[in-house]
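S.K.: how does the following fold in three dimensions:
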Amino acid sequence: MALPFRKRILLVLIALGAVPTAVLIVGWAMSVRRINPVVSTEATMADLGSSGRALLSSIDTASLTEPAQRALTAHTERLNTALSQARQASTYSRYYSAGLALALLSLGALLVYASIRVAGHLSRQLSRPIDELIGWTERIRRREALPEGPPPRGAPEFIALRAALREMAAGLETGRTKELEAARLRAFQEVARRVAHEMKNPLTPIRLAVSQLRAGSGMQQGEALEIVEAESARLEEMAREFSEFGRLPEGPRAEVDIVELLGELARTTLPPSMSHTIEAQAELPVIQGQYDPLRRAFSNLMRNASEAMDGVGTVALRVTRTTRDELEVEIRDHGPGIPPEDRTRVFEPYFTRKPRGTGLGLALVRQTIEHHH
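M.R.: Predicted coordinates:
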């Protein structure tokens, strides 16, 4: 069974730190032992003393002259003193060697302990962030949220890696969300195309039949035919919206003056009881796009604003440049606003709070705006 990552790092660091330290201490101790000047000093001086005493006992001191006796006595005293000093030096040397060896062993043990502690600290500093980041990758794979809060202390490289993983997770989640939305949109568009096709087929004969019946109808029949005609017109409008939603804006692109388009739509779309204001930055870029889809999108927003204000008040239009080639168009009304629980769904196809709405108006707006980037 393989060792955990942290233990492997710990063993490697101990091998790199403690083993060389131990080898160095052992080599140092052996070197000190070899260069120690104490080499059987006591045994040598003992042999010297024995031979000196044997020499003295073999000399007939009575036959020596007085100067010779004095010289022999002085030599005997110096020999005894030298022997005494040699014994003291030998004793000191043994204690010194033992103390030095103990000091070296203590220093070696301290260095090995310190290297193990440092290795443990470094292994934790390396393994904990790596284990944490491995856990983050598992969270990203399971599409779980990453831990919040400030990152734990660590090397700047791990901090940068955490930030990069957060950005990657956010990007992946955004990509997944967009892909899901695109898949749903494709499904809605396919349904819309089929519904529009099925609705258009009977509408034309219905309108013709209503025209024929109106020619010879009485008053009561006329009222009924007006209802049929109005409802068929509504169905035709719904079929048109379904058809437009079922396909992307088509046709060649041309230059579109957004400010001019908004001004013309405000004059023709808003009822006479309403007014409008336009605020635009100077030298705005001209948009390259499809005029009719853009016109329908902004017209839809202005109708929504008019309905939200019950046809009374002022609609404020504002056009600003966000980047070199991008514009932001703001259409502001003074109606009650969108309920908070509906704000995340207003652009979904078929979602509407209007009794006779299709739920495709804002979906078409979003489709057109995203198509024009």
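S.K.: excluding chain neighbours, give the residue nearest to Thr277 in space.
M.R.: What sits nearest to Thr277 in space, not counting adjacent residues and going by Cβ to Cβ, 6 or more residues apart in numbering, is Ala316, at 5.2 Å. Heads up, the C-betas are built off the backbone N, CA and C, glycines and all.
S.K.: just the strands in this structure please.
M.R.: Secondary structure of the chain, counting by DSSP state E: strands at 254-256, 274-280, 287-289, 313-321, 327-332.
S.K.: what's the least confident stretch among the ones you listed?
M.R.: Taking the average pLDDT of each of these, the minimum falls on strand 287-289, with a mean of 88.
S.K.: which residues belonging to that strand are considered buried?
M.R.: Within strand 287-289, the residues scored as buried using 16 or more other Cβ atoms under 10 Å are 287, 289.
S.K.: check the offset of that strand from the chain's centre.
M.R.: How far strand 287-289 lies from its chain's middle: 36 Å, per Cα atoms, centre = their mean, to the nearest Å.
S.K.: quick one: strands adjacent to that strand?
M.R.: strand 254-256 (antiparallel) (DSSP bridges).
S.K.: for Leu165, find the nearest of the strands of the chain.
M.R.: For these, proximity to Leu165 was assessed by Cβ to Cβ; strand 327-332 is nearest, at 31.9 Å.
S.K.: how about that closest one as PDB, C-alpha atoms only?
M.R.: Provided in PDB are the C-alpha atoms of strand 327-332 (Å, rounded to 0.1, in the frame of the first residue of the first chain):
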ATOM      1  CA  LEU A 327     -23.300  50.200 -26.500                       C
ATOM      2  CA  GLU A 328     -25.600  50.000 -23.500                       C
ATOM      3  CA  VAL A 329     -29.300  50.900 -24.100                       C
ATOM      4  CA  GLU A 330     -31.400  51.700 -21.000                       C
ATOM      5  CA  ILE A 331     -35.200  52.000 -21.200                       C
ATOM      6  CA  ARG A 332     -36.500  53.200 -17.900                       C
END
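S.K.: please work out which residues outside that strand touch it.
M.R.: With Cβ atoms under 8 Å, 6 or more residues apart in numbering as the test, strand 327-332 has contacts from 258, 262, 284-285, 287, 298, 301-302, 305, 315-322.
S.K.: buried residues in it, which are they?
M.R.: For strand 327-332, by 16+ other Cβ under 10 Å, it's 327, 329, 331.
S.K.: quickly list what the first one is bridged to.
M.R.: Legend: beta-bridge partners of Leu327 under DSSP bridges are Arg321.
S.K.: how near is it to Arg78?
M.R.: Leu327 is 114 Å from Arg78, where distance means Cβ to Cβ, to the nearest Å.
S.K.: same deal with the second one?
M.R.: Distance from Val329 to Arg78, counting by Cβ to Cβ: 118 Å.
S.K.: likewise Glu138?
M.R.: Glu138 is 87 Å from Arg78, by Cβ to Cβ.
S.K.: any idea of the pLDDT on the nearest residue to Ala169 once chain neighbours are set aside?
M.R.: Closest residue to Ala169 apart from its sequence neighbours, by Cβ to Cβ, 6+ apart: Ile140 at 4.9 Å. Per-residue pLDDT puts Ile140 at 82.
S.K.: just to revisit the earlier point, which of the contacts of strand 327-332 count as buried?
M.R.: 258, 262, 287, 298, 301-302, 305, 315-317, 319.
S.K.: TSV please, covering those and showing distance to Ala114.
M.R.: Listed next are those as TSV, based on distance: Cβ to Cβ, whole Å:
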residue	distance to Ala114
Ile258	72
Leu262	75
Ile287	70
Phe298	74
Leu301	72
Met302	77
Ala305	75
Val315	77
Ala316	73
Leu317	74
Val319	70
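S.K.: out of these, which comes closest to Thr269?
M.R.: Distances from Thr269 to the buried ones among the contacts of strand 327-332, taken by Cβ to Cβ, are shortest for Met302, at 4.6 Å.
S.K.: which of the residues in stretch 260-276 are buried?
M.R.: 261-262, 265-266, 269-270, 274, 276.
S.K.: what is the neighbour count of the nearest residue to Gly337 once chain neighbours are set aside?
M.R.: Leaving aside its sequence neighbours, Gly337 sits nearest to Ala308 (Cβ to Cβ, 6+ apart; 7.9 Å). When neighbours are counted by other Cβ atoms under 10 Å, Ala308 registers 16.
S.K.: list the contacts of Ala308.
M.R.: Neighbours of Ala308 in contact, by Cβ under 8 Å, 6+ apart: 333, 335-337.
S.K.: quick check: Ala196 vs Pro293, distance?
M.R.: Relative to Pro293, and taking Cβ to Cβ, Ala196 is found at 16 Å.
S.K.: just to revisit the earlier point, farthest-apart pair in the buried residues of stretch 260-276, please.
M.R.: Farthest pair in the buried residues of stretch 260-276, by Cβ to Cβ: Leu261 and Met274, 18.1 Å.
S.K.: so Gly335 touches Ala305, yeah?
M.R.: Yes: the pair formed by Gly335 and Ala305 meets the contact definition of Cβ atoms under 8 Å, at 7.1 Å.
S.K.: columns neighbour count, distance to Leu100 and pLDDT on top of the contacts of Ala308, output as a markdown table?
M.R.: Shown next, in a markdown table, are the contacts of Ala308 (neighbours: other Cβ atoms under 10 Å; distance: Cβ to Cβ, whole Å; pLDDT from 0 to 100):
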| residue | neighbour count | distance to Leu100 | pLDDT |
| --- | --- | --- | --- |
| Asp333 | 19 | 94 | 93 |
| Gly335 | 15 | 95 | 90 |
| Pro336 | 8 | 93 | 90 |
| Gly337 | 10 | 89 | 89 |
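S.K.: all good on my end, thank you.
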